[in-house]
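>>> Here is a sequence with its predicted model. Questions after.
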Amino acid sequence: MKFQKLLTFLFALLLVTSMTSCDKDKDKEPSNRDLLTAEKWTGHSFWAFGNDISDLFLEQLNYDIKKNTVKFDKAGTYVDSYERTSISGTWEFANDDKSIIFDKGTEDEYTATVLLLTDKELRMDQTVETEEGPLTLEVRFTR
């Protein structure tokens, strides 16, 4: 009888151990590539000099950032859409995933600095040339 109880206990222990070992995979943090490519990003706001300038873009350029979506895929391509138009190209991480190079090796190549990347939010900035000189513009996306 003691042997049967011991056998039952060992079986239960084996079952619990095998079930908890599967949970370790769930605790693994997703990579930046996984976070970036998981789902489509929707534009949220433009920022410059610490201020939300999304309304300025809407008023001056008739550009509503909330109509902008970007989908990155793991193969290194992206599709950037605004209303019914879209552009596509290539992307790759650089600088230990702190930067994204878009369309590397083409005349359209540019680099954006990744300020924040979580499962719900993406913030990038890039420097654009204006008549007054270079301007660092932050673009925020959400899911």
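Looks like it came in fine. None of these values were measured; they are calculated from a predicted model.
>>> tell me which element the most centrally placed residue in the chain is part of?
Centroid-nearest residue in the chain: Leu36, 2.9 Å away (criterion: C-alpha atoms, centre = their mean). Under the criterion of DSSP states H and E, Leu36 resides in helix 32-37.
>>> How about Thr42?
strand 41-48.
>>> what residues does that strand touch?
Strand 41-48 is contacted from outside by 52-54, 56-57, 65-72, 122, 135-143, using C-beta atoms under 8 Å, 6 or more residues apart in numbering. (C-beta placed from N, C-alpha, C; glycine too.)
>>> CA atoms only: put it into PDB for me.
Provided in PDB are the C-alpha atoms of strand 41-48 (Å, rounded to 0.1, in the frame of the first residue of the first chain):
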ATOM      1  CA  TRP A  41       0.900  50.200 -35.900                       C
ATOM      2  CA  THR A  42      -1.500  53.200 -36.100                       C
ATOM      3  CA  GLY A  43      -0.300  56.700 -36.000                       C
ATOM      4  CA  HIS A  44      -1.000  58.600 -32.800                       C
ATOM      5  CA  SER A  45       0.900  61.900 -32.800                       C
ATOM      6  CA  PHE A  46       3.800  64.100 -34.000                       C
ATOM      7  CA  TRP A  47       6.000  65.800 -31.500                       C
ATOM      8  CA  ALA A  48       8.700  68.500 -31.700                       C
END
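>>> got the buried residues for it?
By neighbour count with 16 or more other C-beta atoms under 10 Å, strand 41-48 contains the buried residues Trp41, Gly43, His44, Ser45, Phe46, Trp47.
>>> what's the answer for stretch 123-136, then?
Neighbour count says stretch 123-136 has Arg123, Met124, Asp125, Gln126 buried, by 16+ other C-beta under 10 Å.
>>> The third one reaches Leu116, doesn't it?
What it means is Asp125. No - with contact defined as C-beta atoms under 8 Å, Asp125 and Leu116 do not form a contacting pair (10.2 Å).
>>> Packing partners of the helix holding Leu36?
With contacts taken as 3 or more C-beta pairs under 8 Å, 6 or more residues apart in numbering; DSSP states H and E, helix 32-37 sits against strand 110-117.
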